[in-house]
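> Next input, structure requested:
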Amino acid sequence: MPMDNSGRSTHHGTSAIGAVRGRSVRRPGQRAARIVMGAVMTLVAAGGAVVQAPTASAAFVCGHSIGGAIEGKWNEKGGLGGPLGCPTSDELVNPDVDGRRQHFGDRGHIYWRNYTGAHPIWGTIAWYWGNAGYERSIWRYPRTDEFAEFKDGYWFFWQDFECGRIVASQGFPVTDYTCV
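From the prediction side, this is the model:
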């Protein structure tokens with residue numbers, strides 16, 4: 001059903017359409033539910049739309065819920081057997097209200113933002129970024145996972161952020177700031 005920028009139907013007085021698993025069903029004069037990527041949207045034929053929050057499936061692990069993109073990244077990194085281990089918090093809204101995070105004790109965090117996706121951050125890079133102000137620092141949110149390279153007899157670890165890169169070697173951070 002076509003909608004304008006305010007979320008209201010541009011076809012007032014016509015039938016609502018409900019889409020269930022890719023099928024559309026016309027129900028003249030009635031409300032219909034539309035399922036889109038796990039979200040439920042209630043459409044009203046004569047009066048606009050009410051959007052409810054997405055219903056992401058969440059697992060309950062180590063006494064905390066974990067779900068969505070953060071859970072996907074946690075599983076990609078090995079879940080309980082990976083470097084992050086057990087979650088030690090539920091998903092939290094960041095102070096900037098733009099992103100989310102979940103803590104994994106002293107093992108690290110996973111930060112998520114719509115523009116950057118979910119990325120774990122740990123070790124020296126997490127310590128340095130955290131002391132600079134986390135997502136409110138000059139580097140903002142992580143854009144990549146951490147990379148590692150053995151070069152000239154030393155391990156180098158780096159992670160890209162919205163505004164630069166933090167590199168750590170032998171426990172010492174070196175930074176590159178690119179935002180103006």
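
> Start from the N-terminal end of this protein and give the helices.
68-76, 123-131 (DSSP state H).

> nearest to D152, of these?
Among those, the nearest to D152 by CB to CB is helix 123-131 (18.3 Å). Every C-beta, even on glycine, is put in place using the N, C-alpha and C of the backbone.

> Can you list the buried residues in that closest one?
124-126, 128-129 (16 or more other CB atoms under 10 Å).

> Sort out which one of those lies nearest F172 for me.
Nearest to F172 among the buried residues of helix 123-131, counting by CB to CB, is T124 at 7.5 Å.

> Spit out the contact partners of that closest one.
Going by CB atoms under 8 Å, 6 or more residues apart in numbering, T124 touches 157, 168, 171-173.

> ok, so what distance separates W139 from I166?
7 Å (CB to CB, to the nearest Å).

> between the two, what contacts are shared?
By CB under 8 Å, 6+ apart, the residues touching both W139 and I166 are 129, 175.

> Which single strand of the protein contains the most residues?
strand 154-161 (DSSP state E).

> Show me what it is packed up against.
Counting contacts by 3 or more CB pairs under 8 Å, 6 or more residues apart in numbering; DSSP states H and E, strand 154-161 packs against helix 123-131, strand 147-151, strand 164-169.

> Give me the below-cutoff pLDDT ranges for this structure.
1-57, 180 (pLDDT under 70).

> Using ChimeraX, make a named selection holding only the buried ones among the contacts of T124.
In ChimeraX syntax, the buried subset of these is picked out as below (16+ other CB under 10 Å):
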select :157,168,173
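
> Need the contacts of T124 in TSV (columns: distance to Y134).
Shown next, in TSV, are the contacts of T124 (distance: CB to CB, whole Å):
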residue	distance to Y134
F157	18
A168	17
G171	20
F172	20
P173	15
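
> Nearest to E71 among the contacts of T124?
Checking the contacts of T124 one by one against E71 (CB to CB), the nearest turns out to be F157, at 24.4 Å.
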